[in-house]
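In: Can you look at this prediction? I've put the sequence above it.
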Amino acid sequence: MNYDRILVRYGELSTKGRNRNQFINKLKKSILHVLRDYKDLKIELGRDRLFIHLNGTPFEAVREKLRRVFGIQSFSPVVRTGKDIEEMKAAALELVRRNFSEGKTFKVSARRSDKLFELDTNEINYTIGSHVLRNLEKLKVDVKNPDINLLVEVRAEGVFLSCEKYSGAVGLPTGASGKAMLLLSGGIDSPVAGYFMLKRGVEIEAIHFHSPPYTSERAKQKVIDLASKLTEFGARMKLHIVPFTAIQQKIQEQVPENYTMTSTRRMMLAIADKICKQRGGLAIVTGESLGQVASQTLESMRAINEVTSTPVLRPLIAMDKLDIIDVAQTIGTHDISILPYEDCCTIFTPPSPKTRPKLEKVQFFESFVDFEEMMEEAVRDMETIQLPEEKAAGEFSDLL
Ligand code: ATP
Ligand code: MG
């Protein structure tokens with residue numbers, strides 16, 4: 001008897017009310033996305049559980065990928081039996097026997113959502129537990145910290161048994177909370193900001209400002225790689241590459257040196273806002289963290305933020321750099337971020353940017369140029385890449 005499907009548990013709290021169906025469908029979509037290479041899998045939706053039928057695919061192959069999907073609380077590979085007690089006992093014994101070696105302890109953890117089932121939870125624990133103990137000499141019970149925890153779920157659609165349980169990535173399924181635009185540089189912070197928003201169920205489209213020939217193709221590739229990495233967490237992603245050279249040059253010409261940083265950020269945010277409106281986004285996300293660099297003081301954020309009334313979300317605002325680096329390492333973006341290729345900001349950074357820029361001043365400096373027209377042009381000329389690159393969108397739709 002082999003595990004032939006995966007039972008996926010998702011948070012019951014977040015699945016109440018009208019959002020329930022949307023939540024489950026987004027979760028299904030995320031799972032199909034991360035497991036798209038396994039063509040034999042089939043997904044079946046249950047009330048507060050979801051099943052992935054393996055159809056011969058080894059569970060170990062999909063386990064690590066599934067652990068990254070937001071919205072999953074935990075999951076177990078399971079075998080299914082009918083509601084016949086003898087059948088359940090036999091399956092339980094077989095599963096424990098496989099995991100047993102001398103000295104190991106065990107317990108049974110039953111759950112019963114089918115209230116019509118003849119035994120209650122305690123009776124299931126007792127009936128199955130005593131059967132297994134009778135048949136496996138030297139097996140001992142430990143209810144607190146067992147080596148083998150035999151899970152038995154009695155549900156309307158059948159009985160599911162497993163000796164394994166893996167914790168999921170929790171959070172909300174990507175897309176369940178709407179869409180936002182992520183300002184993605186090649187640095188350490190913004191991919192982490194994107195990750196946190198994905199975790200709260202936000203679908204992300206990334207925007208990167210590129211300034212050839214000051215910034216190289218490799219800098220662009222680095223951002224493509226970072227965005228691709230983020231797609232491992234359950235969603236495809238569009239990456240918009242915006243040509244920014246002309247605007248940066250104009251800023252260098254027109255704006256006093258200590259204000260160029262403020263102006264640059266304002267243009268970035270204003271362009272992001274245009275793309276956000278065009279793409280039906282609800283917010284803009286940045287990797288800013290308070291006090292980290294000159295442009296990240298409250299005064300500075302206020303002067304920058306003035307260009308839009310769209311919410312600007314800064315999930316890292318109160319985090320320390322070392323903590324951000326930890327997350328970057330865990331999610332696998334850190335080593336890409338530290339590659340040396342410069343982005344447009346690094347190259348144009350003035351030696352001493354204003355840490356407390358005055359809004360009126362920056363507005364005045366910008367008033368001599370038709371930046372509006374330049375920004376429209378940048379949006380018109382942007383390049384959009386669908387990630388991950390190797391798969392066309394419809395390719396696994398037959399699984400749906
Ligand atoms: P990061 O590590 O994300 O690059 P940072 O510490 O370098 O951040 P800044 O250079 O002040 O900080 O950038 C602040 C935020 O502005 C970034 O987190 C990112 O969201 C956005 N940003 C900066 N440069 C770019 C760019 N070239 N394209 C898109 N967004 C950018
Ligand atoms: Mg940076």
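Out: Sure, I can see it. Ligands and ions are numbered 1, 2, ... in the order given.
In: Tell me the predicted confidence for the one residue in the stretch 151-300 of the chain that gets nearest to ligand 2.
Out: When Cβ to the ion is the measure, the stretch 151-300 of the chain has its nearest residue to ligand 2 at Gly187, with 3.1 Å between them. The way it works is simple: take the backbone N, C-alpha and C, and place the C-beta from them, glycine included. Gly187 carries a pLDDT score of 94 in this model.
In: My understanding was that it contacts Glu342; is that so?
Out: No - applying Cβ atoms under 8 Å, one finds Gly187 not in contact with Glu342, separated by 10.5 Å.
In: neighbour-wise, which of those two wins?
Out: Neighbour count, other Cβ atoms under 10 Å: between Gly187 and Glu342, Gly187 has more, with 20 against 17.
In: Find the nearest non-adjacent residue to the more buried one, please.
Out: Ser337 (5.8 Å; Cβ to Cβ, 6 or more residues apart in numbering).
In: and what of Phe371?
Out: Closest residue to Phe371 apart from its sequence neighbours, by Cβ to Cβ, 6+ apart: Met267 at 6.4 Å.
In: any weak-confidence spans in the stretch 301-400 of the chain?
Out: For the stretch 301-400 of the chain, the stretches with pLDDT under 70 are 344-347, 390-400.
In: repeat that with 90
Out: Residue ranges of the stretch 301-400 of the chain with pLDDT under 90: 340-355, 389-400.
In: Tell me the buried residues in the longest helix seen in the chain?
Out: With residue count as the measure and DSSP state H as the assignment, the chain has helix 260-278 as its longest helix. Along helix 260-278, these residues count as buried under the neighbour rule (16 or more other Cβ atoms under 10 Å): 260-276.
In: swap in stretch 315-331?
Out: Burial within stretch 315-331, assessed by neighbour count using 16+ other Cβ under 10 Å, is assigned to 315-317, 319, 324-325, 327-328, 331.
In: likewise stretch 331-344?
Out: By neighbour count, and taking 16+ other Cβ under 10 Å as the criterion, the buried residues in stretch 331-344 are 331, 333-334, 336-337, 342-344.
In: Out of these, flag the one nearest to Thr81.
Out: The shortest approach to Thr81 among these belongs to Ile331, at 38.6 Å (Cβ to Cβ).
In: May I have the beta-bridge partners of Arg112?
Out: Using DSSP bridges, the bridge partners assigned to Arg112 are Val154.
In: Please name the residues that touch it.
Out: Arg112 makes contact with 119-121, 124, 153-154, according to Cβ atoms under 8 Å, 6 or more residues apart in numbering.
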